[in-house]
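Colleague: Okay, predicted coordinates and the sequence, questions at the end:
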Amino acid sequence: MSSDVYPDALNRLWSALECPHSGDVLVSAELGFEFVDWGGSDHVGGGSHGSLHRDDSEGVLIVCGIDVPAREEWALTDVAPLALEHFDLPFTA
């Protein structure tokens, strides 16, 4: 299942559920609303805590000096193995 409005939502929800620091309830903020984190920080106007919407989730990945496979879409989980491989370091999932 995929969604243009909520990119990689199922994987991101599963990751949140598996996170030892997640709470007992997971919700996604409606576009234009913001959740403040435990430290009192927020990102009003640019990327929300807790939002799964594409406007709060997508960003730019710029890579220079290494060969990368052609890909239409990247996730943060794709970046660490790429960097580790470049520096010839072991990757453990």
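Modeller: On my side now, so go ahead.

Colleague: could you list every residue that touches V5?
Modeller: Shown in contact with V5 (CB atoms under 8 Å, 6 or more residues apart in numbering): H53, R54. Using the backbone N, CA and C atoms, a C-beta is placed for each residue, glycine as well.

Colleague: Tell me the secondary structure at it.
Modeller: When the structure is split into helix, strand and coil by DSSP: H, G, I helix; E, B strand; the rest coil, V5 lands in coil.

Colleague: ok, now how distant is it from P81?
Modeller: Separation of V5 from P81 (CB to CB, to the nearest Å): 27 Å.

Colleague: same deal with G39?
Modeller: In this structure, G39 and P81 are 30 Å apart, going by CB to CB.

Colleague: ok, those two, which is more surrounded?
Modeller: P81 (12 against 6; other CB atoms under 10 Å).

Colleague: hang on, the more buried one in a helix?
Modeller: Yes - checked against three-state DSSP, P81 lies within a helix.

Colleague: Pull the contacting residues for it.
Modeller: Per CB under 8 Å, 6+ apart, neighbours of P81: F91.

Colleague: distance of it from A16?
Modeller: Per CB to CB, P81 is found 21 Å from A16.

Colleague: What are the contacting residues of the helix or strand of the chain with the lowest mean pLDDT?
Modeller: Lowest by mean pLDDT, DSSP states H and E among the helices and strands of the chain is helix 54-57, with a mean of 76. When contacts are defined by CB under 8 Å, 6+ apart, helix 54-57 is touched by residues D4, V5, Y6, P7, D8, R12, A29, L31, G47, S48, S51.

Colleague: Just the CA trace of it, in PDB.
Modeller: Output of helix 54-57 as PDB, limited to C-alpha atoms (Å, rounded to 0.1, in the frame of the first residue of the first chain):
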ATOM      1  CA  ARG A  54       4.200  14.700   2.800                       C
ATOM      2  CA  ASP A  55       4.500  18.400   3.400                       C
ATOM      3  CA  ASP A  56       6.100  17.700   6.800                       C
ATOM      4  CA  SER A  57       8.000  14.600   5.700                       C
END
